[in-house]
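In: Only the shape, not the letters, is given here:
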């Protein structure tokens, strides 16, 4: 019989909170929410009806394109409260010369199908600081009493599309094919993928092909209409979910990158603060745990994805403006790396610039979790990790890369 962990022993991959209990609370969290505050007026496509607060994607609620520390709160909420949040997709809303109606119009989208807050955000870009990165983000939300050393639990109650279309981009040197990708080496044979074909919508991003796909309800489920023979079930999630990072600690696009001139953490590479996870498991019904390193936690979100495969290998998902409802719970216990769970699995992350190191970190974190939360010896934890845990690429194109160890809850007989 395996030894139980000493009482109170907690590490970076453990939650004195007890994951199983939290999973149950996350699944029932959408029941019995208070009506939206009277002065929180839902607009711009949000369909959330039962949140405690609402945050629109109006330009004054957006940062572009990093996670600044200490920005004045858009909302101050209490632990346990929920917020309906709208966000704007970067694709189509951040082009240097073409406004959103012009961008989406290249693909046949009608002007009345373009979100007003996307058009207003585009107009505001010349007047706002650009922190570095690629994403308009909605926030920050401050949680009363949050202090460095705490853990912020973010329950994803629901996520929905605000428009029935999105953009995916491809190119011969984009995503994992890019020469800036960490796995690229001098002498590697270039990938033989045709460049942007003549007559295709172009000019949005240099040397890239943009594909606009529509979504629709088919036989009761929402799908991406890829072509006449292929339909992809949607599984919307926010690509960016994070808190303000620790002061003076920066994660750059490559190892050893200097801090940005703005002094603000850029939004592209994920880190311990969360950020651009681009992890498809963060859909409705999941729960994210983030280490708090700034007063109030200062939560941001955005970069909506309607559909994405693990890895996001082209460098983008189906980039879509989304809305969602999230419940925030503060815990006075520390963690040092983000954690995810849903009703079926624990997802233990390893984050590094190199996928091999990400794999090692994910494995070490899984073993650590099994020791501390499930009472296994180190040898038995490593054995179980090999027999029952699936390790998969969650995200591979944003500088730092993520491997997830997926631990099925069904193997544990004691709940």
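Out: Okay, I see it. Just so it is clear, the model here is predicted, and its values are computed rather than measured.
In: what packs against the longest helix seen in the chain?
Out: The residue-count maximum for a helix in the chain (DSSP state H) belongs to helix 355-374. Counting contacts by 3 or more Cβ pairs under 8 Å, 6 or more residues apart in numbering; DSSP states H and E, helix 355-374 packs against strand 345-352, helix 378-388, strand 390-398, strand 400-408. Placement of C-beta: from N, CA and C, glycine included.
In: angle of that helix against strand 345-352?
Out: Counting by axes from the mean of the first three to the mean of the last three Cα atoms, to 10 degrees, helix 355-374 lies at 140 degrees to strand 345-352.
In: What ranges does the stretch 1-150 of the chain have for its helices?
Out: Listed in chain order, the helices of the stretch 1-150 of the chain (DSSP state H, counting those that start in this stretch) span 19-27, 100-105, 116-124.
In: Lowest average pLDDT across those helices?
Out: Here those differ in mean pLDDT, and the lowest is helix 19-27 at a mean of 36.
In: lowest-pLDDT helix or strand in the chain?
Out: Lowest by mean pLDDT, DSSP states H and E among the helices and strands of the chain is helix 19-27, with a mean of 36.
In: which regions of the stretch 151-300 of the chain sit below the pLDDT cut-off?
Out: Along the stretch 151-300 of the chain, the model assigns pLDDT under 70 to residues 195-206.
In: can you pull out the strands in it?
Out: 151-161, 165-170, 209-218, 221-227, 230-233, 237-243, 265-266, 274-276, 287-291, 299-305 (DSSP state E, counting those that start in this stretch).
In: Report the angle between the longest helix of the chain and strand 390-398.
Out: 130 degrees.
In: Let the chain start at 36 from now.
Out: Fine by me, first position is 36 from now on; the one you just mentioned is helix 390-409.
In: For helix 390-409, what is the distance to the chain centroid?
Out: Averaged C-alpha coordinates place helix 390-409 at 21 Å from its chain's average position (Cα atoms, centre = their mean, to the nearest Å).
In: between it and helix 413-423, how big is the angle?
Out: Orientation of helix 390-409 against helix 413-423 (the same axes, to 10 degrees) gives an angle of 120 degrees.
In: can you give me the angle helix 390-409 makes with strand 435-443?
Out: Using the same axes, to 10 degrees, helix 390-409 lies at 40 degrees relative to strand 435-443.
In: And helix 390-409, what's buried?
Out: Across helix 390-409, burial judged by 16 or more other Cβ atoms under 10 Å covers 390, 393-394, 396-409.
In: hang on, the earlier thing: with distance to residue 427 added, can I get the strands of the stretch 186-335 of the chain in JSON lines?
Out: Output for these, formatted as JSON lines (distance: least, Cβ to Cβ, whole Å):
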{"stretch": "strand 186-196", "distance to residue 427": "19"}
{"stretch": "strand 200-205", "distance to residue 427": "21"}
{"stretch": "strand 244-253", "distance to residue 427": "24"}
{"stretch": "strand 256-262", "distance to residue 427": "21"}
{"stretch": "strand 265-268", "distance to residue 427": "18"}
{"stretch": "strand 272-278", "distance to residue 427": "16"}
{"stretch": "strand 300-301", "distance to residue 427": "26"}
{"stretch": "strand 309-311", "distance to residue 427": "18"}
{"stretch": "strand 322-326", "distance to residue 427": "17"}
{"stretch": "strand 334-340", "distance to residue 427": "17"}
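In: Make CSV from the ones you listed and add mean neighbour count and distance to residue 174 to it.
Out: Below are the strands of the stretch 186-335 of the chain laid out as CSV (neighbours: other Cβ atoms under 10 Å; distance: least, Cβ to Cβ, whole Å):
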stretch, mean neighbour count, distance to residue 174
strand 186-196, 23, 12
strand 200-205, 22, 22
strand 244-253, 17, 26
strand 256-262, 15, 26
strand 265-268, 13, 29
strand 272-278, 29, 9
strand 300-301, 26, 13
strand 309-311, 28, 12
strand 322-326, 23, 13
strand 334-340, 29, 3
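In: For residue 293, find the nearest of those.
Out: With Cβ to Cβ as the criterion, residue 293 lies closest to strand 300-301 of those, at 11.6 Å.
In: which other residues reach that closest one?
Out: Applying Cβ atoms under 8 Å, 6 or more residues apart in numbering, the contact partners of strand 300-301 are 100-104, 166-168, 280, 285-288, 295, 306, 308, 310.
In: swap in stretch 145-153?
Out: So stretch 145-153 is in contact with 79-80, 91-94, 121, 123-124, 127-128, 135-136, 139-140, 197-200, 356, going by Cβ under 8 Å, 6+ apart.
In: how about the residue nearest to residue 420 when sequence neighbours are not counted, what does it touch?
Out: Leaving aside its sequence neighbours, residue 420 sits nearest to residue 401 (Cβ to Cβ, 6 or more residues apart in numbering; 5.0 Å). By Cβ under 8 Å, 6+ apart, the residues touching residue 401 are 48, 383, 416, 420, 424, 440, 442.
In: please redo it, this time with the cut-off set to 6 Å
Out: 383, 420, 424, 440 (Cβ atoms under 6 Å, 6 or more residues apart in numbering).
In: cool, and residue 188?
Out: 324, 364 are the contacts of residue 188 under Cβ under 6 Å, 6+ apart.
In: measure it to residue 114 for me?
Out: Using Cβ to Cβ, to the nearest Å, residue 188 is found at 9 Å from residue 114.
In: same thing with residue 264?
Out: From residue 264 to residue 114 the distance is 49 Å (Cβ to Cβ).
In: ok, the two, which is more surrounded?
Out: Per other Cβ atoms under 10 Å, whichever of residue 264 and residue 114 has more neighbours is residue 114, with 16 against 5.
In: Excluding sequence neighbours, find me the nearest residue to the more buried one.
Out: Closest residue to residue 114 apart from its sequence neighbours, by Cβ to Cβ, 6+ apart: residue 365 at 4.0 Å.
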